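Colleague: 3D model of this:
(2 chains)
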Amino acid sequence: MFMKRRIIMVGATFFLAAATGHLMQNGTALIGGAAPDAGPAPQKLVAVVDIMPSSIVPLAGSASQEVMPLSVAPAPSAPKMQKVAPAVPLAQAPAPIDCTPTLKLSLAPAAMMDLALSAPCNLNARVVIKHSGLTVTGVTDSTGLLKTTLPAMSSAAHVAVALPDGAKAAADLAVPALADYDRVAVQWQGDDAFQLHAFEFGADYGDAGHVSAETPRTPGFAVQATGGFLTALGAPTVLLPMLAQVYTFPTGHSQRSGVVRLTIEAEITAKTCGHDMLGETLEAHAGMPVKIVDLTLAMPGCDAAGDFVILNNLLPDVKIAQN
Amino acid sequence: MTATPRRAATFAAPFLCRCRAAIAGALCCATMASAQDVTLTSRDGLITLSGTMESYDGAYYRVKTSYGLLTLDGQGVRCTGPGCPDLTAYIPDLTIASPTGTARLWVTLIEAFAGRSGFTLQHVVQSDDAFQLIVTDPADGQVLARLGFALADSDQGLADLQSGKADLALSLQLLAGLPGSAEVIALDAAVPLVAQSNPMVAISLPDLAAVLAGQITNWQQLGAMDAPIVLHGLMPGAGLQRAVEARLGVTLAGTAIRHDSAEALADAVAADPWALAVTSLAELGNGKALGLSGPCAFAQSATAVSVKTGDYPLSLPLVLYAPSRPLPLVLRDLLAWIASPAAEPTVRAAGFVDLGTDRIGLAAQGDRLAHAITAAGDEVDLASLQTMVAALAGAERLTPTFRFLPGTGQLDPTSQGAVARLARDLEAGLLDGATLIFTGFSDGSGSASANLRLSQQRAERVRHAVLAAAPLLDRGRVALKAAAYGEALPIACDDTAVGSATNRRVELWLQGATDTPQSGN
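Modeller: Numbering: from 1, shown residues only, chains lettered A, B, ... in the order given. Okay, here's the model as predicted:
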């Protein structure tokens, strides 16, 4: 009897000891918390320190407003971890990346501006670029970079970029070459697609002097004063795209004198027929502030689908006098 | 938010209809359908008028009463009844009729007018010829006015004005006898247009008339290459087309190629070295303008100065016709601004000639004087030319030039506007210390002495008109004189009606220069 009790006690003790040992060895995994003296961090552990939303889809109807930033809990101090590639949204071993977006502008031929945006925490993000009334969408690549070329509309150019999380970046650039150029633009949102056509010195549709999004030419034309060119702006693939077409003519050093006629056109499609199309026209002439006019075009009914509405009088002809 | 009497909510109309006098019996049936009954009471309560509200323009009520249609100053009466306008939220909804081709002029003018007050402008467009401009105060988003434009030929525009469909009508036609007012707001000119590669430089008025009529058909008859003249023109009803035909006394030949717009016309002419058309100075496109010459070999090309003075024979005033009823306040403000010097740069930007005063020194008039010397002979001898030059020595010619309607003693609308503007400048003291000389000239038909007397009468008539228009002028500060030189200084050839009408004029000369800037040519 006494022996039986002893055996049970020894067995239980042994069992308890074994269990305790097992618990001690693997306890953190079972419990799921970080044991302070557990030694090197086990592979499965993740320390989540700094949550930053990488993209926010704006609600319908608020496309034109700033996206409200989400409140983010302050990052707790964490041991320095190995820096990981930013391609992983939730950093496996995250370092506090500087999310401040930077914008750099540099001069390009024909009074254009090369724009370089770096937004390391806004990857594949829809951004809004604003300059002197021009408002167009852009999209950063998978590394948070956006490179594009923008026509300057003021000689003291100020460009601001708004990011989806509310962050902003801005830059200034002096563009004295703008004094030689005239620019007109039309811009719109979504499917209200307007088109800008320029007919230089009596050109007709399809002639060499007809400049449009299909035959835009290049800034080199204007630099050599042989004609104007058209720039299409805006990323069309994002949600609620804001797009523009800008026509530039080298009025100041044109070799020819005469008139460039400008028309704004809109195709009557299933999406645009029977509605009011909304847009804005912008005009930049040397030394004057940019003139912006709201435009509402009442489109014909849907039985006219496939036709175009052509408006000649919205933008004044560019008149080039003999130099 | 918005309410004009026409859109006033219909309350329970049948219960509120009050059929009054027998005369208003016919009105009663109308008022049963519309709730426009109003009672206007004078501020002292002594006079009460009842009727139906026809319209309210922001300042005046137009009320149909048993006494007929009455217009009452809104500030003098109180309005009660369902037809009373919401005075705090009145938005004028106006229609302006204008010839095709003047869209840019209106857009530019209204943009500038809105911009100077910090208002924003919105285009609501159905087509190039049918659009609205909406003027908004950005501070509170309040719509201040809706200006609707219907561009058509000028006959339609004037008809719409008469019927009340339009509140204003712009036209290139000078029509007498229309009720309401007519005011010149800008100047245009009819210009012969050819391609840049065409060798011609000038054409005489009789030749131009013959070409348009189809009587001259080959460039060789004009002294140029042996090639057919390809005539182009606008549609028959177009304002510019009508004005040119009226001025030259011809109708465009049926062989002419017609175009819908001045731009299309200019582009077609610029593309064909054998083409010719008469078009607006504001729409030369890529072609070139020919000067107007004459058998007396005196060529005039259309420049800002030659159009302002009317020395260019085919100057065409743009006349704004307004009805006799009072216009809404915003429209009155717009018209006052258009008539003011502030609007002159905008008119120029639209391609037309403004109404500002330029000065021409004697030295810049060498062509005229040389021609006068050449033409001097029996009728105008050298002595009278010398007298004239001596009298005008040290003086400058100002661009306002006064002409009379044919066969009457009445000044034409351009000249009436010039009288009003000169009177305004005189009263404002802008010409203090100077001497103004109204110099009369005549055409060459008839005897020189009779023409001298005629030109003297004309000069004195203009001087009198200016003094009458400037009652506040202190005569001690500015001297106004009248002089006349008859046939001495012709500026056009007398072989056409247009030419001799151009010669019959009263010029304005200024002695004792003031500080106002000179025209930079």
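
Colleague: quick check: pLDDT value at the spatially closest residue to A:Ser154 that is not a sequence neighbour.
Modeller: Once flanking residues are discounted, A:Ser154 sits nearest to A:Ser132: 4.8 Å by CB to CB, 6 or more residues apart in numbering or on different chains. Bear in mind the C-beta positions are built from the backbone N, C-alpha and C, glycine included. Looking at A:Ser132, its pLDDT stands at 95.

Colleague: my guess is A:Ser132 meets A:Ser155, correct?
Modeller: No. Counting by CB atoms under 8 Å, A:Ser132 does not reach A:Ser155; the two are 10.2 Å apart.

Colleague: looking at those two, which is more packed in?
Modeller: Neighbour tally, A:Ser132 and A:Ser155, criterion other CB atoms under 10 Å in any protein chain shown: the higher count belongs to A:Ser132, 21 against 16.

Colleague: and the gap between the closest residue to A:Met153 other than its chain neighbours and B:Leu369?
Modeller: Distances taken as CB to CB, 6+ apart put A:Ser132 closest to A:Met153, at 3.8 Å, once the chain neighbours are dropped. Taken as CB to CB, to the nearest Å, the spacing of A:Ser132 relative to B:Leu369 amounts to 52 Å.

Colleague: for the residue lying closest to B:Ala488 once chain neighbours are set aside, phi and psi?
Modeller: Spatially, and ignoring its direct neighbours in sequence, B:Ala488 is nearest to B:Val380 (5.0 Å; CB to CB, 6+ apart). Backbone geometry at B:Val380, expressed as degrees, to the nearest 10, gives phi -120, psi 110.

Colleague: quickly note the distance from the residue nearest to A:Ser154 to B:Leu436.
Modeller: A:Ser132 is 48 Å from B:Leu436, by CB to CB.

Colleague: do you know the pLDDT at B:Ala372?
Modeller: pLDDT, B:Ala372: 79.

Colleague: hang on, it in a helix?
Modeller: Yes. Assessed with DSSP: H, G, I helix; E, B strand; the rest coil, B:Ala372 lies in a helix.

Colleague: show me what the strand or helix carrying B:Ala186 is packed against.
Modeller: In this assignment (DSSP states H and E), B:Ala186 forms part of strand B:181-194. On a contact count with 3 or more CB pairs under 8 Å, 6 or more residues apart in numbering or on different chains; DSSP states H and E, strand B:181-194 meets helix B:239-248, helix B:262-270, strand B:275-280, strand B:288-289, helix B:304-309, strand B:315-322, helix B:329-339, helix B:413-427.

Colleague: how about these, which one is nearest A:Ile310?
Modeller: helix B:262-270 (11.8 Å; CB to CB).

Colleague: for the closest one, packing partners?
Modeller: strand A:258-267, strand B:181-194, strand B:230-234, strand B:257-259, strand B:275-280.

Colleague: could you dump the ones you listed to CSV with mean neighbour count?
Modeller: Converted to CSV, the helices and strands packed on helix B:262-270 look like this (neighbours: other CB atoms under 10 Å in any protein chain shown):
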stretch, mean neighbour count
strand A:258-267, 22
strand B:181-194, 22
strand B:230-234, 22
strand B:257-259, 17
strand B:275-280, 26
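
Colleague: so which of those gets nearest B:Gly157?
Modeller: So among these, strand B:181-194 is nearest, using CB to CB, at 13.0 Å.

Colleague: contacts for the helix or strand following that closest one?
Modeller: Sequence-wise, the next helix or strand beyond strand B:181-194 is strand B:202-204, with elements assigned using DSSP H and E. The set of residues that contact strand B:202-204 without belonging to it, under CB atoms under 8 Å, 6 or more residues apart in numbering or on different chains, is B:192, B:211, B:222, B:290-295, B:299, B:301, B:493.

Colleague: mind checking which of those are in helices?
Modeller: B:Val211 (DSSP state H).

Colleague: same list, the contacts of strand B:202-204, but as TSV with pLDDT please.
Modeller: Output for the contacts of strand B:202-204, formatted as TSV (pLDDT from 0 to 100):
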residue	pLDDT
B:Pro192	96
B:Val211	96
B:Leu222	93
B:Leu290	95
B:Gly291	93
B:Leu292	91
B:Ser293	86
B:Gly294	76
B:Pro295	72
B:Ala299	79
B:Ser301	90
B:Cys493	83
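
Colleague: between the contacts of strand B:202-204, which is nearest A:Leu178?
Modeller: Out of these, the member with the shortest distance to A:Leu178 (by CB to CB) is B:Ser301, at 34.0 Å.

Colleague: state the distance from B:Gly409 to B:Ala465.
Modeller: 10 Å.

Colleague: who has more neighbours out of those two?
Modeller: A direct count of neighbours by other CB under 10 Å for B:Gly409 and B:Ala465 places B:Ala465 higher, at 22 against 9.

Colleague: list the contacts of that one.
Modeller: When contacts are taken as CB under 8 Å, 6+ apart, B:Ala465 is in contact with B:411, B:419.

Colleague: and the pLDDT at it?
Modeller: Per-residue pLDDT puts B:Ala465 at 96.

Colleague: can you check what angle separates the strand or helix carrying it from helix B:413-427?
Modeller: B:Ala465 belongs to helix B:448-469 when assigned by DSSP H and E. Per axes from the mean of the first three to the mean of the last three CA atoms, to 10 degrees, the angle that helix B:448-469 makes with helix B:413-427 is 60 degrees.

Colleague: buried set for the following helix or strand past helix B:448-469?
Modeller: Per DSSP H and E, the first helix or strand lying C-terminal to helix B:448-469 is strand B:479-484. By neighbour count with 16 or more other CB atoms under 10 Å in any protein chain shown, strand B:479-484 contains the buried residues B:480, B:482-484.

Colleague: likewise for stretch A:132-149?
Modeller: Under the neighbour-count criterion of 16+ other CB under 10 Å, stretch A:132-149 has A:132-140, A:144, A:146, A:148 buried.

Colleague: which single one of these is nearest to B:Leu334?
Modeller: Minimum distance to B:Leu334 across the buried residues of stretch A:132-149 is 25.6 Å, recorded for A:Gly133 (CB to CB).

Colleague: surely the closest one touches A:Pro289?
Modeller: No. Using CB under 8 Å as the test, A:Gly133 is too far from A:Pro289 to be in contact (9.3 Å).

Colleague: intersection of neighbour lists for the two?
Modeller: With CB under 8 Å, 6+ apart applied, the contact sets of A:Gly133 and A:Pro289 do not overlap.

Colleague: if we can go back for a sec, just flag the most distant two among the buried residues of stretch A:132-149.
Modeller: Using CB to CB, the two most remote members of the buried residues of stretch A:132-149 are A:Gly133 and A:Gly144, lying 26.7 Å apart.

Colleague: output the helix holding B:Ala465 as CSV, nothing but the C-alphas.
Modeller: Taking C-alpha atoms only, helix B:448-469 is exported to CSV below (Å, rounded to 0.1, in the frame of the first residue of the first chain):
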residue,chain,number,x,y,z
ALA,B,448,-16.9,125.5,-104.1
SER,B,449,-18.5,128.5,-102.4
ALA,B,450,-21.7,126.6,-101.7
ASN,B,451,-19.7,123.7,-100.3
LEU,B,452,-17.8,126.1,-98.1
ARG,B,453,-21.0,127.4,-96.6
LEU,B,454,-22.4,123.9,-96.2
SER,B,455,-19.3,122.8,-94.4
GLN,B,456,-19.4,125.9,-92.1
GLN,B,457,-23.0,125.1,-91.2
ARG,B,458,-22.1,121.5,-90.4
ALA,B,459,-19.2,122.5,-88.2
GLU,B,460,-21.3,124.9,-86.3
ARG,B,461,-24.0,122.3,-85.9
VAL,B,462,-21.6,119.9,-84.3
ARG,B,463,-20.2,122.5,-82.0
HIS,B,464,-23.6,123.4,-80.9
ALA,B,465,-24.5,119.8,-80.3
VAL,B,466,-21.4,119.2,-78.1
LEU,B,467,-22.2,122.4,-76.1
ALA,B,468,-25.8,121.2,-75.6
ALA,B,469,-24.5,117.9,-74.4
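
Colleague: since that was my last question, I'll sign off now.
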